[in-house]
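# Pasting the sequence and the predicted model now:
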Amino acid sequence: MFETILFPIDRSPESREAAETVAQLAQLHNSRLVILSVVPGPDEGAIEAAETLLSRAKAMFAERGLEAEVIEREGMPAFTICDVADEVEASLIVMGSRGMGLTTEGAAESTAHRVIDLSPCPVLIVP
């Protein structure tokens, strides 16, 4: 059902919590797993942090018997996530929610909300 799962990650606790759901779905559906980290600009520290994050995530999935591809991109997170989803022909995007608050303004500002609006495939938001 889900041939390719795209998992955009960052350093948030919500992203770490979503990893378990991603692992379960990828195992259940024998999915190709693509992990994505988006950095907003050419900041050397951010790029280094993203590389470390991707490396750790790949190792964590390998411990679960899952081979994962990693992609690091620069750009606006929501747009980049959707562009990569299109490029890798993702059947599902799974991402954590950062909980921007209970106001309409907060929801409109969240990356997760924008991804839902722009995504070329279904999106699963893990609280």
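Arrived safely.

# how about the helices in this structure?
For the chain, the helices defined by DSSP state H occupy 13-29, 44-63, 77-87, 104-109, 111-118.

# give the contact list for Glu69.
For Glu69, the contacting residues are 32-35, taking Cβ atoms under 8 Å, 6 or more residues apart in numbering as the criterion. All C-beta atoms are positioned from the backbone trio N, CA, C, and that covers glycine.

# Thr52 versus that one, what's the distance?
Glu69 sits 17 Å away from Thr52, going by Cβ to Cβ, to the nearest Å.

# what's the answer for Leu25, then?
Spatial separation of Leu25 from Thr52 under the definition Cβ to Cβ is 25 Å.

# Tell me which of the helices of the chain approaches Thr4 most closely.
The stretch from the helices of the chain with the least distance to Thr4 (Cβ to Cβ) is helix 77-87; that distance is 8.8 Å.

# and the closest one, which residues are buried?
77-78, 80-85 (16 or more other Cβ atoms under 10 Å).

# repeat for stretch 11-29
Neighbour counts over stretch 11-29 (16+ other Cβ under 10 Å) mark 14-15, 18-19, 21-23, 25-26 as buried.

# Take the residues you listed and lay them out in JSON lines including pLDDT and distance to Val39.
Listed next are the buried residues of stretch 11-29 as JSON lines, based on pLDDT from 0 to 100; distance: Cβ to Cβ, whole Å:
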{"residue": "Glu14", "pLDDT": "91", "distance to Val39": "18"}
{"residue": "Ser15", "pLDDT": "92", "distance to Val39": "14"}
{"residue": "Ala18", "pLDDT": "95", "distance to Val39": "19"}
{"residue": "Ala19", "pLDDT": "96", "distance to Val39": "19"}
{"residue": "Thr21", "pLDDT": "96", "distance to Val39": "24"}
{"residue": "Val22", "pLDDT": "97", "distance to Val39": "20"}
{"residue": "Ala23", "pLDDT": "97", "distance to Val39": "24"}
{"residue": "Leu25", "pLDDT": "97", "distance to Val39": "26"}
{"residue": "Ala26", "pLDDT": "98", "distance to Val39": "24"}
